[in-house]
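Colleague: Quick one, fold the following:
(one chain, ligands or ions: 1)
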Amino acid sequence: MKELMQRFDWRIYPLIVGEADVPQVLDAFWSLTREKSLVSVPIMAWLLMPMFEGEPILVDTGFRDADRCMKIQGLGPHRMNPEWTLETQLSKHGLKPEDIKTVILTHLHYDHAGGCALLSHAKFIIQRTELQAAAAPMVSPQLDFGGGALFYDRKDIADLIDPLWPRVQLIEGDEEVAPGVTCVLFANTHTPGSQAVYVQTSRGNAVILGDIARKVDLNINKGIPPGLFYDLEATYRAMKQIKKDADFILPSHDYEEVRKYSKGLPSEE
Ligand SMILES: O=c1ccn([C@@H]2O[C@@H]3COP(=O)(O)O[C@H]3[C@H]2O)c(=O)[nH]1
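Modeller: The predicted structure is shown next:
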């Protein structure tokens with residue numbers, strides 16, 4: 001991707017849409033970490049604004065409800081406040097939820113696909129394999145961990161299958177979904193159908209990671225795989241590919257990295 005000429009210019013804004021305390025073991029392949037403590041991480045969405053005539057795009061939508069995450073998924077503290085709602089975060093950019101016509105979901109875990117129902121005029125771009133895996137996850141429904149569905153919230157998936165189904169756009173593999181915005185499938189990494197979003201900016205290619213990797217320095221720069229993945233080799237290859245392709249890497253749960261882009265990428269200053 002890097003060799004492509006920069007044809008389209010987008011500005012990217014981080015939207016913090018919640019917070020969670022998660023085990024640090026999620027950051028690194030289990031045998032390589034000794035860190036058992038909890039750490040506070042942001043739950044991110046990203047707003048893509050075209051610097052040419054075009055429409056904004058939202059990447060990911062956060063979780064449905066903090067109490068539900070703890071109750072259904074059996075996880076630690078999750079937090080929400082009025083500042084972090086999608087409505088408030090979009091309003092800082094002069095947008096209402098109904099102004100968003102395109103949403104890209106990097107994957108369908110509860111903390112990425114929980115806000116879809118709020119976006120009443122949007123189509124939802126998802127990898128077909130991700131929706132298939134989320135609808136029928138390969139675990140017993142009685143599993144008392146990850147909501148009995150490996151961190152997919154049945155309600156989110158039910159919404160996508162119906163009533164949002166007429167607005168779901170399934171893709172298979174890599175696809176340019178708007179000028180300068182390409183969904184790139186990295187199968188069997190964090191989830192079966194995880195996709196990264198490659199975005200052209202005036203400063204180079206940005207890659208929105210979803211959760212293919214969690215920490216830019218640890219996972220991408222140092223090459224230590226994250227702790228939650230389907231296929232270790234696929235994950236390792238994805239990290240190498242993204243490192244090669246990206247001038248900027250935008251993760252979902254890494255406050256340190258996200259803060260670098262608080263004024264947008266490229267920065268408005
Ligand atoms: O032991 C666990 C395993 C997972 N989780 C949460 O589930 C999420 C699933 O994917 P993610 O990578 O987006 O982030 C994860 C965390 O937010 C957790 O809090 N504790």
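
Colleague: quick one, strands of the chain?
Modeller: 10-23, 38-50, 57-59, 78-79, 102-104, 123-127, 168-171, 175-178, 181-185, 195-201, 204-208, 248-250 (DSSP state E).

Colleague: Could you show which parts of the stretch 101-250 of the chain are in contact with the ligand?
Modeller: Of all the residues in the stretch 101-250 of the chain, those in contact range of the ligand (Cβ under 6 Å from any ligand atom) are His109, Asp111, Phe151, Asp211, Leu228. Yep, even glycine has a C-beta here, placed from its N, CA and C like the rest.

Colleague: Give me the lowest-pLDDT entry from those residues.
Modeller: Taken together, those show their lowest pLDDT at Leu228, with 91.

Colleague: give the contact list for the residue lying closest to it once chain neighbours are set aside.
Modeller: What sits nearest to Leu228 in space, not counting adjacent residues and going by Cβ to Cβ, 6 or more residues apart in numbering, is Leu26, at 5.6 Å. Leu26 makes contact with Arg214, Pro226, Gly227, Leu228, according to Cβ atoms under 8 Å, 6 or more residues apart in numbering.

Colleague: now those as JSON lines including distance to Ala234 and neighbour count?
Modeller: Formatted as JSON lines, the entries for the contacts of Leu26 read as follows, by distance: Cβ to Cβ, whole Å; neighbours: other Cβ atoms under 10 Å:
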{"residue": "Arg214", "distance to Ala234": "16", "neighbour count": "24"}
{"residue": "Pro226", "distance to Ala234": "12", "neighbour count": "23"}
{"residue": "Gly227", "distance to Ala234": "15", "neighbour count": "18"}
{"residue": "Leu228", "distance to Ala234": "13", "neighbour count": "20"}
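
Colleague: Of those, just say which sits nearest to the ligand.
Modeller: Within the contacts of Leu26, distances to the ligand taken as Cβ to the nearest ligand atom reach their minimum at Leu228, with 5.3 Å.

Colleague: any idea how far Pro56 is from the closest one?
Modeller: Per Cβ to Cβ, to the nearest Å, Leu228 is found 30 Å from Pro56.

Colleague: list the contacts for the nearest residue to His190 once chain neighbours are set aside?
Modeller: Nearest residue to His190 in three dimensions, chain neighbours excluded: Asp211, at 4.2 Å (Cβ to Cβ, 6+ apart). Residues touching Asp211, when contacts are defined by Cβ under 8 Å, 6+ apart, comprise Thr106, His107, His109, His112, His190, Thr191, Ser194, Pro226, Leu228, Ser252, His253.

Colleague: rewinding a little: of all the strands of the chain, which one is nearest Tyr261?
Modeller: With respect to Tyr261, and counting by Cβ to Cβ, the nearest of these is strand 10-23 at 5.2 Å.

Colleague: Pull out the buried positions in stretch 156-175.
Modeller: Along stretch 156-175, the positions that meet the burial threshold by neighbour count (16 or more other Cβ atoms under 10 Å) are Asp156, Ile157, Asp159, Leu160, Leu164, Arg167, Val168, Ile171.

Colleague: rewinding a little: let me know the closest of the contacts of Asp211 to Leu48.
Modeller: Taking the contacts of Asp211 together and measuring to Leu48 by Cβ to Cβ, the closest member is Thr106, at 12.9 Å.

Colleague: The closest one: neighbour count?
Modeller: The tally of other residues near Thr106 (other Cβ atoms under 10 Å) stands at 30.

Colleague: Can you check the pLDDT for it?
Modeller: With respect to pLDDT, Thr106 has a value of 99.

Colleague: what's the closest non-adjacent residue to it?
Modeller: With sequence-adjacent residues excluded and distances taken as Cβ to Cβ, 6+ apart, Thr106 is closest to Gly210, at 2.7 Å.

Colleague: The residue nearest to Leu118 when sequence neighbours are not counted and Gly115: what is the separation?
Modeller: Closest residue in space to Leu118, ignoring its immediate chain neighbours: Pro97 at 5.0 Å, by Cβ to Cβ, 6+ apart. The gap separating Pro97 from Gly115 is 9 Å, by Cβ to Cβ.

Colleague: the more surrounded of those two?
Modeller: Comparing Pro97 with Gly115 by other Cβ under 10 Å, the one with more neighbours is Gly115, at 23 against 19.

Colleague: Done for today, thanks.
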